[in-house]
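Enquirer: Quick one: sequence plus predicted model below, questions after.
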Amino acid sequence: MASKSEARRALLNAAGLDAEILAANIDERALEHRFFADGGSPEDLAPALAEAKALAISASRPEAFCLGADQTLMHGSTVVHKPCDFDAAAQTLAMLSGRTHRLISAFCIARSGKTLVLDADFAELRMRTLDRQTIARYLDLAGPGVLSSVGAYQIEGLGVNLFDRVEGDFATILGMPMFKLLAWLRRQDLIAL
């Protein structure tokens, strides 16, 4: 798997899939810039990044099935990135407060430098209205982990307190559209269940 995400690794392990973790050394922001300069749409960014990761690892491990994954957070037509510090995290949470945003999670499997499958799914999450005190208290309690997540929350933990409605499956929210991934693996006879 071309991802360092512990949440994705846990999802794969829970489904009985064992994956070697090899981080793809790609400059995501440079790829994003080029993607948009070439006319790409925000909704297609996560699949493009997932594919770039899978192909990068596939170049060095051509015999392996290489799984790349990525997730983007859309607030309207704006792509929201991971916050760089707690001030940016507070600004992100204030922007999402009382609104619905979309998480798009994508995966790509590549082998021998070729894309075998590229797919995505999405979830929509409505954050409850948060005042400054609540945001500050949440960031204090949640700690530095919020800096590793788009949206400055981890819904699998303390971040669940920030929401009043979620539409979509939990695995997609965590960054891997597992139902689509598992269906593809079954069609290829790569898993038995």
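Expert: Yep, it's here. Remember, it's a predicted structure, so these values are computed and weren't measured experimentally. Residues are numbered from 1 along each chain as shown.
Enquirer: need the strands for the chain, in chain order.
Expert: Ranges of strands in the chain, per DSSP state E, are 66-75, 78-80, 100-111, 114-127, 163-167.
Enquirer: Name the stretch among the ones you listed that sits most buried.
Expert: Comparing the strands of the chain by mean neighbour count (mean count of other C-beta atoms under 10 Å), strand 66-75 ranks first with a mean of 25. From N, CA and C alone the C-beta is placed, and that goes for glycine too.
Enquirer: Check which residues of the lengthiest helix in the chain are buried.
Expert: Counting residues, the longest helix found in the chain (DSSP state H) is helix 45-60. Buried positions in helix 45-60, judged by neighbour count with 16 or more other C-beta atoms under 10 Å: 45-58.
Enquirer: From Val166, how far out is the residue nearest in space to the middle of the chain?
Expert: Nearest to the mean C-alpha position of the chain, counting by C-alpha atoms, centre = their mean, stands Gln71 at 2.5 Å. Counting by C-beta to C-beta, to the nearest Å, the separation of Gln71 from Val166 is 15 Å.
Enquirer: quick one: the residue of the chain most remote from its centre and Leu139, what's the gap?
Expert: Outermost residue of the chain with respect to the C-alpha centroid, by C-alpha atoms, centre = their mean, is Gln133; its distance is 27.9 Å. According to C-beta to C-beta, Gln133 stands 11 Å off from Leu139.
Enquirer: Equivalent analysis for Ala52, please.
Expert: The gap separating Ala52 from Leu139 is 31 Å, by C-beta to C-beta.
Enquirer: swap in Ser58?
Expert: Ser58 is 38 Å from Leu139, where distance means C-beta to C-beta.
Enquirer: Ala7 now?
Expert: Look at Ala7 and Leu139: by C-beta to C-beta, they are 19 Å apart.
Enquirer: Surely the residue nearest to the centre of the chain and Ser105 touch.
Expert: Yes. Contact criterion C-beta atoms under 8 Å: Gln71 and Ser105 qualify, at 4.6 Å.
Enquirer: joint contacts of those two?
Expert: Common contacts of Gln71 and Ser105 (C-beta atoms under 8 Å, 6 or more residues apart in numbering): 46, 175.
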